[in-house]
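1. My questions are about this predicted structure, shown below with the sequence.
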Amino acid sequence: MRTVYLGRQPIFNGDLKPVAYELLYRAGATDHADKSDVRASANVLINAFLEMGVQRVVGKARAFIHVTPEILDDDLLRLFDPAQLVLQLMPDVAFDDALLVTLDRLRAAGYGIAVDDLLVHEGTLPLLERAHFVKVDLTAVPADELEEHVAALRRFAVALVAEKVETHEQFAQCQALGFDFYQGYFFARPKLVTGHAMIEDRLSVLQLLAVLHNPQSELSEVQAVVQRSVSLSYRLLRYANSAAFNLPRQISSIAHATVVLGQRRLRDMATLLALSGISDKPPELTRTILARARLCAMLAPPGRGNADTAFTTGLFSGLDALMDRPLAELLADLPLAEETRLAVLEQRGPFGRILAAVLALERGDFETAALDMLDPPPTSQAYLEALDWANQTVDEMHAA
């Protein structure tokens, strides 16, 4: 388990109600960071939307996130809800016709576009014509030139955000000039937001990328790679059940999620995870949880999707060991089907009984009634077969 960090500074409307938050890269428990490259952008997106959950970070407000052309070019942003994401470009971004076409597409898809600290001249017109927001840094514009600067920006259909408002006098001047939104230390300093991220297996991410970029690969190969990684599976189900898809029913298995998302979105997710640079997890814990999931699948009753749901139940029953957080708290972030949730948390229902039996075998408790609840009851030999599969799977991952 590792702790992840974000800086979060509110953006207020004229009534001083927070309507958005700028999310800032933080490498640790500090209140500042100078990093603004593609990896920082990827980390902010991962931490805000996949690790912590955007609802926890900004609620229903919008999230302003600095992005680089690399993030835009990779077209990774379709992983995230456009209604909540404002893409903030730095003033020194080098743009060409290809970038402008990308911005047009993102704007048409519903993403907000913001630009920082732009002076109005012929070279900045293409960005100003595509922006929804322009942020004006009060430390970069002399007070006696601010009115003229605002008048020039008012030629464009943009909302103006006064940035780095640090005194009451600056706020009063910005109000008089008709700024739409306000941000700065006068209102609130950036607040450090922390959360817990699952330690990712980089090999799993890279293998998933390799399979997804192979036009000859089958969906079953994609599913196999995802099922080897507990944290990839967790993120995949959490994303597939997110509001971005608005599906009529919950997705409770990895196989179903891979079908719903499709290879393109899976490729985007894996690419973003690779960009965020997450480190490896303990292999022995991985072996134990994979063996548990495999045996659950082996014991599943006949029926479409039962083995997948049983595998998912076994896989997520080990999340608390990976993240040092209560299982109920972790599953609250993952809208599992109620049957699967009860199976994992309370070992209820047909999949819960399977999990209880498998956990008993892990403990070496061969006398427990949990084994007799299944027909036929599982044996220690079955557990050893599942463990052999897990060992082989982990070895193949590390040999790749």
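-> Done, it's in. Small disclaimer: the values here were computed from a predicted structure and weren't measured. Numbers count the residues shown, from 1 in each chain.

2. the strands in the stretch 101-250 of the chain, which residues?
-> 112-116, 133-137, 159-163, 181-182, 191-197 (DSSP state E, counting those that start in this stretch).

3. Ok, which of those comes nearest Lys17?
-> strand 181-182 (10.5 Å; CB to CB). Any C-beta I mention is one placed from the backbone N, CA and C, and that applies to glycine too.

4. residues in contact with the closest one?
-> The contact list for strand 181-182 (CB atoms under 8 Å, 6 or more residues apart in numbering) reads 11-14, 16, 19-20, 133, 159-162, 165, 171, 174.

5. immediately after the helix or strand where Arg8 lies, which helix or strand?
-> Arg8 is part of strand 2-12, with elements assigned from DSSP states H and E. From strand 2-12 onward toward the C-terminus, using DSSP H and E, the following helix or strand is strand 18-25.

6. What pairs with that next one, parallel or antiparallel?
-> The pairing partners recorded for strand 18-25 under DSSP bridges are strand 2-12 (antiparallel), strand 62-66 (parallel).

7. Lowest average pLDDT across the ones you listed?
-> Here the lowest mean pLDDT among the strands paired with strand 18-25 goes to strand 2-12, at a mean of 71.

8. tell me the least confident of the contacts of strand 181-182?
-> Leu16 (81).

9. For Glu145, see how far away it is.
-> Noted for Leu16: a distance of 26 Å to Glu145, by CB to CB, to the nearest Å.

10. Let's have the strands of the stretch 101-250 of the chain in TSV, adding distance to Ala83.
-> Supplementary listing: the strands of the stretch 101-250 of the chain in TSV, determined by distance: least, CB to CB, whole Å:
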stretch	distance to Ala83
strand 112-116	9
strand 133-137	15
strand 159-163	16
strand 181-182	18
strand 191-197	21
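
11. So for Arg228, which of the ones you listed sits nearest?
-> It's strand 191-197; of those, that one is closest to Arg228 (CB to CB) at 18.8 Å.

12. Name the helix or strand of this protein that has the lowest mean pLDDT.
-> Counting by mean pLDDT, DSSP states H and E, the chain has its least confident helix or strand at strand 191-197, which shows a mean of 55.

13. Pretty sure Leu24 sits against Ala63.
-> No. The pair Leu24 / Ala63 is not scored as a contact, 10.9 Å apart, by CB atoms under 8 Å.

14. Glu145: how many residues sit nearby?
-> Using other CB atoms under 10 Å, Glu145 is surrounded by 9 other residues.

15. likewise Leu236?
-> Around Leu236 there are 25 residues (other CB under 10 Å).

16. Repeat that for Phe186.
-> So Phe186, with other CB under 10 Å, has 18 neighbours.

17. how near is it to Trp389?
-> 60 Å.

18. same check, this time on Ala356
-> Following CB to CB, the distance that separates Ala356 from Trp389 is 21 Å.

19. what's the answer for Thr288, then?
-> 13 Å.

20. again, but for Leu77
-> Distance of Leu77 to Trp389, computed by CB to CB: 37 Å.

21. cool, Pro377 as well?
-> 20 Å.

22. Those two - which one has more neighbours?
-> Trp389 (18 against 15).

23. Would you confirm that the more buried one contacts Arg292?
-> No. Under the contact definition of CB under 8 Å, Trp389 does not touch Arg292, with a separation of 11.2 Å.
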